[in-house]
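Chemist: dropping a prediction and its sequence here:
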Amino acid sequence: MEQLKREIAERARKVGLASSVAGLGGQGGDEEMDEAALNRLLIPQEPPAVEWWDSQLLANGSYDDIDRGNMRVEENSTTAPITHYIQHPVPIKPPMEELRQGPATKKLYLTKKETKKLRRLRRLELNAEKREKIRMGLIEAEPPKLKLQNMVKVMGTDAIQGPSKVEAMTRSQIEQRKAAHLNANNERKLTKEQRTEKIVTKAQQDLEKNGVFVNIYKIGNLSNPRHKFKLVKNAQQLYLTGVVLINSHFCLVVVEGGIKGIRAYKKLLMHRIDWSESLPDLLSTANNNGDDENGDSNDAESSVQHKENSCMLVWEGQVASPSFRSFKSRVCPTENDAKSWLARANLVSYWETAKHTQKTL
């Protein structure tokens, strides 16, 4: 007990409570406290006669008012201590809840063989259930499914007595089943507007889920109109936005959109399009108008340019928001025209990056 008192006195001195403790009966902070003062510290205080939360309900401030029925209750008053309102605390999501649940499980994709097996098992269960209902008399049995292979077995003597009639009936049932199948397919088939809406919805979901991705391509020239048409048309079909800037030095392609559309567009530019493809001979001969010497020289120059033509991926990455509303092509005779057009979206750095990017062998 004495040791406990000394520890309390030492702690009181450290936290600056020695003077207050000494005031209870000791001589000072550095002197020994008397036993009475320490006992006052060790013995807990008695609870109050009336708790503060009950004082507003007691008329005389004593718990005896409960037995006497002398309670202060105000029903129709805004100053009443008890009202019909309930305070609902703001729910706070526990920080460890996500860790307890564990990482999100990825969707499991089945192989084609596994999908067929599941479908076969599911159909077997449905057929078994259907046969059981027929056996119990809950539903009527379906008529036999006539085919040319089983019409003799199914019809029996009728097929022997009137084979032509049975064959015609069988072919009629086959045509009816085929027509019903085609009608069911046509009912499930989406209309043109529904297909378009489905593609647009998927593109928007891709943007919301994965964000906006940007690819920048540098092309030598786009003198072949087929190449230009493929660039614009495929971007519009994939619901991508961006621009094609055509300049005499090089052509810049900026495309942005969802990750799926960007991947398909990248595959188109880097693998599917043959950039060395020259213009058709028919167009070149029509433009020459019978000038053989100039025509031969122009054909030779254009063929050399097309053989050296290529497409290069300058940069790919992700941005916070799209900078374009649609995909268009612009002819910029000078470099300043291209920069001024990109300056509207604050993308002049794209042109500078493509300009200083060289093709690596």
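Modeler: Looks like it came in fine. Numbering: from 1, shown residues only.
Chemist: and the helix or strand where Asn215 lies, how far from the chain's centre?
Modeler: Assigned by DSSP states H and E, Asn215 belongs to strand 212-219. Relative to its parent chain, strand 212-219 has a centroid offset of 22 Å by CA atoms, centre = their mean, to the nearest Å.
Chemist: okay, now the sheet partners of it, with direction.
Modeler: strand 251-257 (antiparallel), strand 311-319 (antiparallel) (DSSP bridges).
Chemist: show residues contacting that strand.
Modeler: 227, 250-259, 262, 265-266, 269, 275, 309-322, 350, 353-354, 357 (CB atoms under 8 Å, 6 or more residues apart in numbering). C-beta: built from backbone N, CA, C; applies to glycine.
Chemist: narrow those residues to those that are buried.
Modeler: 227, 250-258, 262, 265-266, 269, 275, 309, 311-312, 314, 322, 350, 354 (16 or more other CB atoms under 10 Å).
Chemist: can you give me the mean pLDDT across the strand holding Asn215?
Modeler: For strand 212-219, mean pLDDT is 95.
Chemist: for the helix or strand following it, buried residues please.
Modeler: Using DSSP H and E, the next helix or strand after strand 212-219 towards the C-terminus is helix 225-237. Applying a neighbour-count criterion of 16+ other CB under 10 Å, one finds His227, Lys228, Leu231, Asn234, Ala235 buried in helix 225-237.
Chemist: out of those, which comes closest to Val154?
Modeler: Asn234 (54.5 Å; CB to CB).
Chemist: got the contact list for that closest one?
Modeler: Counting by CB under 8 Å, 6+ apart, the residues that Asn234 touches are Ala264, Tyr265, Leu268.
Chemist: for the second one, give its distance to Asp158.
Modeler: Think Tyr265. 64 Å (CB to CB, to the nearest Å).
Chemist: follow-up on the earlier one: take the contacts of Asn234 and keep only those in helices.
Modeler: Among the contacts of Asn234, the residues falling in helices (DSSP state H) are Ala264, Tyr265.
Chemist: dump the contacts of Asn234 into TSV; add pLDDT and distance to Lys133 as well.
Modeler: Listed next are these as TSV, based on pLDDT from 0 to 100; distance: CB to CB, whole Å:
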residue	pLDDT	distance to Lys133
Ala264	96	49
Tyr265	97	54
Leu268	95	54
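Chemist: show me what contacts Asn247?
Modeler: By CB under 8 Å, 6+ apart, the contact list for Asn247 reads Cys332, Pro333, Thr334, Glu335, Ala338.
Chemist: secondary structure element for the spatially closest residue to the first one that is not a sequence neighbour?
Modeler: Spelled out, it's Cys332. Excluding the flanking residues, the one nearest Cys332 by CB to CB, 6 or more residues apart in numbering is Ala338, at 3.9 Å. According to DSSP H and E, Ala338 maps onto helix 335-343.
Chemist: show me what contacts the residue lying closest to Asn215 once chain neighbours are set aside?
Modeler: Distance criterion CB to CB, 6+ apart; nearest residue to Asn215, sequence neighbours excluded, is Glu316 at 4.7 Å. Going by CB under 8 Å, 6+ apart, Glu316 touches Phe213, Val214, Asn215, Ile216, Ile262, Lys266.
Chemist: local confidence estimate at Glu316?
Modeler: 95.
Chemist: same thing with the one 3 residues further on?
Modeler: The predicted local distance difference test score for Val319 is 92.
Chemist: now do Asn287
Modeler: On the pLDDT scale, Asn287 is placed at 57.
Chemist: other SSEs contacting the helix or strand hosting Arg195?
Modeler: Counting by DSSP H and E, the element that carries Arg195 is helix 192-210. Contact analysis of helix 192-210 by 3 or more CB pairs under 8 Å, 6 or more residues apart in numbering; DSSP states H and E lists strand 251-257, helix 259-267 as its packing neighbours.
Chemist: can you list contacts of the longest one?
Modeler: The set of residues external to helix 259-267 that reach it, using CB under 8 Å, 6+ apart, is 202-203, 206, 210-211, 213-215, 234-235, 238-240, 255-257, 313, 316.
Chemist: what angle do strand 251-257 and it make with each other?
Modeler: Helix 259-267 and strand 251-257 meet at an angle of 160 degrees, taking axes from the mean of the first three to the mean of the last three CA atoms, to 10 degrees as the criterion.
Chemist: dump helix 259-267 to PDB, restricted to CA.
Modeler: In PDB, the C-alpha atoms belonging to helix 259-267 read as follows (Å, rounded to 0.1, in the frame of the first residue of the first chain):
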ATOM      1  CA  ILE A 259     -10.200   0.600 -74.500                       C
ATOM      2  CA  LYS A 260     -12.000  -1.800 -76.700                       C
ATOM      3  CA  GLY A 261     -12.500   0.600 -79.600                       C
ATOM      4  CA  ILE A 262      -8.900   1.900 -79.200                       C
ATOM      5  CA  ARG A 263      -7.600  -1.600 -79.500                       C
ATOM      6  CA  ALA A 264      -9.600  -2.300 -82.700                       C
ATOM      7  CA  TYR A 265      -8.500   1.000 -84.200                       C
ATOM      8  CA  LYS A 266      -4.900   0.300 -83.400                       C
ATOM      9  CA  LYS A 267      -5.100  -3.100 -85.000                       C
END
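Chemist: the inter-axis angle of it versus helix 192-210?
Modeler: Going by the same axes, to 10 degrees, helix 259-267 makes 100 degrees with helix 192-210.
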